[in-house]
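[1] Let me see the structure of the following:
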Amino acid sequence: MQAPATPLENDHYIPGMRVEIRDAEWRLKRVDRSADGGYLLECVGQSELVRGRSAQFLTRIEQNIRVLDPARTRLVDDLSDNSLAGELHINPVFNEIRRYRLKATAMYRPSLSRLWC
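    Below is the predicted model:
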């Protein structure tokens with residue numbers, strides 16, 4: 001279940017943070033300063049309509065950027081057969097973690113081979 005949205009009190013955005021922009025949930029991939037004094041947020045969609053899509057938002061233009069606070073997340077029972085609903089949610093998360101771990105390993109090994117040769 002999604003954490004309730006709360007307005008961001010300071011202008012500090014951190015990669016990995018989940019935000020709600022334009023009524024959709026996004027995960028921040030990258031945060032850069034923009035020329036207008038705000039931030040350029042590079043995001044990946046998390047909610048149903050935008051899942052897996054990349055987007056960029058300027059904080060000076062977007063009126064309602066809200067941070068989803070993980071401390072306010074409510075856990076609910078999975079009443080589906082054999083906990084299928086929870087499994088369908090957790091598997092893509094694990095696959096994404098494995099994909100990034102493989103990328104890091106692939107990038108790390110060639111540099112070691114150059115050092116030891």
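[2] any weak-confidence spans in the protein?
    For the chain, applying pLDDT under 70 flags the ranges 1-11, 88-117.
[3] Would you map out the domains in it?
    Here the domain parsing of the chain from automatic domain parsing is 1-76, 77-117.
[4] longest strand anywhere in the chain?
    If you go by DSSP state E, the chain has its longest strand at strand 24-33.
[5] Alpha carbons of that one, in CSV - could you do that?
    Extracted in CSV, the C-alpha atoms of strand 24-33 (Å, rounded to 0.1, in the frame of the first residue of the first chain):
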residue,chain,number,x,y,z
ALA,A,24,1.3,9.4,-10.2
GLU,A,25,3.9,7.8,-8.0
TRP,A,26,7.5,8.1,-9.2
ARG,A,27,11.0,6.9,-7.9
LEU,A,28,13.8,9.5,-8.3
LYS,A,29,16.7,8.1,-10.3
ARG,A,30,18.7,11.3,-10.5
VAL,A,31,18.6,14.9,-9.1
ASP,A,32,20.4,17.8,-10.8
ARG,A,33,20.3,21.5,-10.2
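[6] Checking residue 74 next. Helix, strand or coil?
    Three-state assignment for residue 74 (DSSP: H, G, I helix; E, B strand; the rest coil): coil.
[7] okay, now it: neighbour count?
    For residue 74, the count of nearby residues is 8 (other Cβ atoms under 10 Å). Glycine gets a C-beta too; all of them are placed from N, C-alpha and C.
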